[in-house]
Every structure is written in C-alpha cells, then in structure tokens.
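Chemist: coords please:
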Amino acid sequence: MNPKGKPEGLRQAMSWFHTWAGLLLGWVMFAIFVTGSLSYYRQELTLWLRPELQTLAPPAPGVERIALERLQTLAPEAGFWSLRLPDERDPALRIGWREAGGAGGRPRVENRVLDPASGELLPVRAGMAGDFPYRFHFELRSAQRSQWILEGRWAVCIATAVMFAALLSGIVTHRRIFADFFTFRPAKGGQRAWLDGHNVSAVLVLPFYLLITFSGLLLFQTIFMPAGIAAAYGEQSRAYLDELRGASPGVKRHGAPDAAAGSGPMPALAWDTVLAESRRQLPDGRIDVILVRRDGPAVHVEVRGSDAKRLAYPPVELAFDGRSGLLLGRVDPQGAAARTVGTIYGLHLAHFASPGLRFVLFGFGLLGSLMIGSGLALWVVKRRERGKTPALALHLVDGLNIGTLAGLPLALAVFALGSLWLPAGLAERGEAEIRCFFAAWGLALVWGLARPGRATWGRQWGCVAVACAALLASGLWVAATNGAAPRPLTVWAVD
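Modeler: Residues are numbered from 1 along each chain as shown. This next block holds a predicted model:
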C-alpha cells in the first residue's frame, strides 16, 4: 500500500525496497566494496608497507630445504610446520609453527620471514599491512585477536544478502535499463545528475555485481545455511567439506594440531621423495604451500599447488605420509557440483587474474563503491529538493554519508601511515594499526554528524588527499632509509 491507501504494483514495491534496503545497509556495503577492491592487491599492499621486502633476491635452488632446515632449528618439537614459498607477487619465504600453549591455553602461533636466497631471518615489522583490508572485507574488523569474527561474518552475510536483493529489485525498478547505460547528464545538476550517475555505475558492470554478491553468499554457505548440510550429513559435517574439496576417500584435512604438540623432535621426513612426486603431480610443477603435521607417531604432509593460473578454488592438494613419502591421496574437485562451487569461489577470489585483469576487477570494485555512494547521496539530494523529509533525518543521513564515503578512505590512509611509522618493536603492533584505523574513522563520523553540509564534504576529502600524499611520501622515504630502491605497485601490465 502507498501512503494514500492504494495498492502498489510490483515496480513500485521493488522501488520502495531498493531505496530503504540500500539506505539502511548502504554504508556497510560501501565499506565491504572498498576493502574488497583493495583485496585484489593484498600482496602488493603488503610489499609497499614492508619496504624491507622490496629488494629480496630470487629464491635459491632448493628453497624448500632451506625452510625445512630453519624449522628444524627454530621449532624442532612443534607439532605443526608451515612453509609458504615465494612467487611473483610475494618474494619472501615464510615459515610458521604451532606449539602447545600453557595450562589449558591455546596453541601458540609463531611466524617468521626468511630471505629466499640465503635463508636468513629478516627483521620484518609486525602488523596487518595488506591483510587488514582483506580480512575487514568479510569480518568488519580483523582476526588479529580472533575477536568478533563470527559476528562480523554474520553481519557481512546479512548485508550481502540484502545487497543481492537490492540489485535484483533495482533491475525490476528500471524501465529503461538499456538507455541508462548511455545516459549521463551531469550538467543538469541536482537530483538528475546524481540519479544518472547512480544508474550508469549500476548498469555498466551489473553482471560483476551480481556475480560478486552471489559468490560472496556462497562462500558463507555453512554459516547461514547449515540446515541442509545437517540434514544430509548429520554430525559428519566435515565429510561435506571434504567432498566439496574433492578429497580422495580416507584423506582427511590436515589443519592445526591439537593443543599437545607432541613429544620429542619432529621425525625425519622423506623430503626429496615428497617434493619430487609433488612436482610431477601438480599443474606446472608449482608448489605454493607445504604443511607438516605430527599425529602421534605418524607425520602427515600436505602440499598445495599454485592457483595463479587456476580458475577453480581451492588449488590441487596432495597428501603424503611424511616418513615414507607415500602419496596417500589427492584433493581436486571432479564432481559437477564441487567444480561449479569451486569455480564460483575462484571467480570471487580472482587469484587467477593476471596484472591487467586484476586492474580491471579493481576498477569494477571501485565502480561498485561509486554506485553505492551515489545512491546514498541521491537519497539526501532527492529529499532535500522535495522539502518534505524531516531536517533531523536529512542531517543524520548526510552526516553518515560524509563520515563513511570520505571517512573510510581517510581511515584506510591513516591505517597505512600507522603501518609504516609505528615503532617496529611495539607490542601488539597489528592491534595498534587497527586502532589507528578506527580512531580516524570514528573522528570522521563525529565530524560529519556534527557539521553535515557541502563545506564538511570538501574538508574531509581535502584531508583524504593530504593523507594519501603523506602516505606516498612516507612509503618512498621509508623505502629509501631501509636501503631499498622504491618498487611501485604492479597495478597494470600488458598480458
């Protein structure tokens, strides 16, 4: 029913839903889209914010054995080892291990970064760096302290579901969806200019928006759709995940060890046999990650291939008996359902993307951010011109628009500045970076709500420009003082 009591048609009902769903969750979706766009350059951002990694030499032959020897020296009695090999986007050799915690405590996680040529430990500053936008994208904070992870993911699930419904309702609402593709009249100003901008940014890459929101929902299927899994698999929900991954029968997933790390040094491994068989079995012979887990007297080794050229996710995995080198099984989805889901996962993550395609996807993400931001601004402009909306509502929405649309980029720039300039030895440095982010965003929101209007819009975007210029200068300065030749982000390349 409309305000006059008359029944509404489908298009009017969809328009109402589109407007209010977009308003109530638009600020959250804007943050998700912006940080998701930055996640396409997760490794490159980490490299920019860690100048000490920018001059690493190419990996030496046998880099896997270098990492193994380091683990045998640093954590001989750990129950779990991990090795991540360098590639074209991340030049560092990364190792990690997990040991038993204190009485009743959680296992302690340790990570180190090695020079891939010499195996020497690198004094890399701690912190989140490029991992923060990536984790914020689907947790609305981070997993630095494992706080609010489930709650954040639920919030993202709800916002994504509403976003998907808002996209579909927007398609129904638009009578001239093809004409909107070519119509943009900024000279008219006011409501018409904002509406054209919103329509053009929405229609231009609409298939991308539908794909990214639907695939985002699929990534969280086990959170908000557990009933079907429980009905089909009962208490064996792990079997569903193994089947979805394409695990061979009898091959279990090798995750973190139990709290007890085991006793005594890690047994000797059939390392050469494992590596030779892995290179023979994996596509292009590329190894990305090696996980070693002790399970009582047995040792399991999981070798993951690279997904840099693979559309479906996850990449091929091989499971070995670590002591004999015997191949126990292969993890590679082959069924139609599993391959379909894996392909949708892969399209969302885009690990396969070349530099040129990654740049295009980044642009699509920013265009989606523009679509959401223009819709939020349009709500204020449209109702201000009509003069029928209470001043308090306009004040509130305009202030939140300023604090989010300009405040979020400002907060991200402040986060990056903190990542560069906070003392390297600061305890819980990652948490300090996150506090810088939320402090800057909180101040921007307070400023926007206290003094909404065109002047505050201009001042906040001016602060964003100053912060970005300071970030660029800081990155060059820190790289120079660390003895590194400044290395630009690879955001575009001709394939």
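Chemist: Which secondary structure elements does the helix or strand where residue 26 lies sit against?
Modeler: If you go by DSSP states H and E, residue 26 is part of helix 10-39. Using 3 or more C-beta pairs under 8 Å, 6 or more residues apart in numbering; DSSP states H and E, the elements in contact with helix 10-39 are helix 131-139, helix 149-173, helix 355-386, helix 391-401, helix 407-421. (C-beta placed from N, C-alpha, C; glycine too.)
Chemist: any low-confidence regions in this protein?
Modeler: The chain contains residues with pLDDT under 70 at 1-8, 100-107, 142-147, 175-192, 237, 246-263, 482-495.
Chemist: now the strands: where do they sit in it?
Modeler: Here the chain has its strands, by DSSP state E, at 80-84, 93-99, 108-114, 287-295, 298-305, 317-321, 327-331.
Chemist: center of the chain - which residue?
Modeler: Against the mean C-alpha coordinate of the chain, by C-alpha atoms, centre = their mean, the closest residue is residue 134 at 2.6 Å.
Chemist: For the helix holding residue 26, buried residues please.
Modeler: 13-15, 17-19, 21-23, 25-39 (16 or more other C-beta atoms under 10 Å).
Chemist: same check, this time on stretch 428-443
Modeler: Along stretch 428-443, these residues count as buried under the neighbour rule (16+ other C-beta under 10 Å): 429-434, 436-437, 440-441, 443.
Chemist: From residue 314, how far out is residue 217?
Modeler: 19 Å (C-beta to C-beta, to the nearest Å).
Chemist: actually residue 240, not the one I wrote
Modeler: Residue 240 is 15 Å from residue 314, by C-beta to C-beta.
Chemist: neighbour-wise, which of the two wins?
Modeler: A side-by-side neighbour count of residue 240 and residue 314, using other C-beta atoms under 10 Å, places residue 314 first with 20 against 17.
Chemist: Skipping its backbone neighbours, what lies nearest that one in space?
Modeler: residue 245 (6.4 Å; C-beta to C-beta, 6 or more residues apart in numbering).
Chemist: residues touching the one you found, list them.
Modeler: With contact taken as C-beta atoms under 8 Å, 6 or more residues apart in numbering, residue 245 is in contact with 253, 314, 317, 331, 333, 338.
Chemist: Make JSON lines out of those residues and add distance to residue 416.
Modeler: Shown next, in JSON lines, are the contacts of residue 245 (distance: C-beta to C-beta, whole Å):
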{"residue": "253", "distance to residue 416": "35"}
{"residue": "314", "distance to residue 416": "30"}
{"residue": "317", "distance to residue 416": "34"}
{"residue": "331", "distance to residue 416": "36"}
{"residue": "333", "distance to residue 416": "37"}
{"residue": "338", "distance to residue 416": "38"}
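Chemist: Identify, from those, the entry nearest to residue 121.
Modeler: Nearest to residue 121 among the contacts of residue 245: residue 317, at 28.3 Å, using C-beta to C-beta.
Chemist: in the sheet, who's paired with the residue nearest to the closest one when sequence neighbours are not counted?
Modeler: Once flanking residues are discounted, residue 317 sits nearest to residue 331: 3.8 Å by C-beta to C-beta, 6+ apart. Bridge pairing for residue 331 (DSSP bridges) gives the partners residue 247, residue 317.
Chemist: pretty sure residue 331 is touching residue 316, no?
Modeler: Yes - the pair residue 331 and residue 316 passes the contact test of C-beta atoms under 8 Å, sitting 6.9 Å apart.
Chemist: and the two? which has more neighbours close in?
Modeler: Ranked by neighbour count (other C-beta under 10 Å), residue 331 and residue 316 place residue 316 first, with 22 against 19.
Chemist: wouldn't the more buried one be in contact with residue 332 here?
Modeler: Yes - with contact defined as C-beta under 8 Å, residue 316 counts as touching residue 332 (4.7 Å).
Chemist: neighbours around residue 204, how many?
Modeler: The burial count assigned to residue 204 is 16, neighbours taken as other C-beta under 10 Å.
Chemist: Quick check: the gap between it and residue 40.
Modeler: Between residue 204 and residue 40 the computed distance is 18 Å (C-beta to C-beta).
Chemist: neighbours around residue 153, how many?
Modeler: Neighbours around residue 153, by other C-beta under 10 Å: 17.
Chemist: residue contacts, it?
Modeler: Listed by C-beta under 8 Å, 6+ apart, the contact set of residue 153 reads 138-139, 220, 223.
Chemist: just residue 205 next, same as before
Modeler: Residues in contact with residue 205, defined by C-beta under 8 Å, 6+ apart, are 364, 367-368.
Chemist: State the distance from it to residue 372.
Modeler: Using C-beta to C-beta, we find residue 205 at a distance of 13 Å from residue 372.
Chemist: Provide the contact partners of stretch 449-457 at residue level.
Modeler: Contacts for stretch 449-457 (C-beta under 8 Å, 6+ apart): 395-396, 398-403, 406, 447-448.
Chemist: now with 6 Å?
Modeler: Applying C-beta atoms under 6 Å, 6 or more residues apart in numbering, the external contacts of stretch 449-457 come out as 395, 398-399, 402.
Chemist: So what would you say the end-to-end distance of it is?
Modeler: In terms of C-alpha to C-alpha, to the nearest Å, the two terminal residues of stretch 449-457 are separated by 11 Å.
Chemist: so how far is that stretch off the chain centroid?
Modeler: Put simply, stretch 449-457 sits 31 Å off its chain's centre (C-alpha atoms, centre = their mean, to the nearest Å).
Chemist: and what of stretch 207-221?
Modeler: 14 Å.
Chemist: What of stretch 285-300?
Modeler: Between the centre of stretch 285-300 and the centre of its chain there are 26 Å (C-alpha atoms, centre = their mean).
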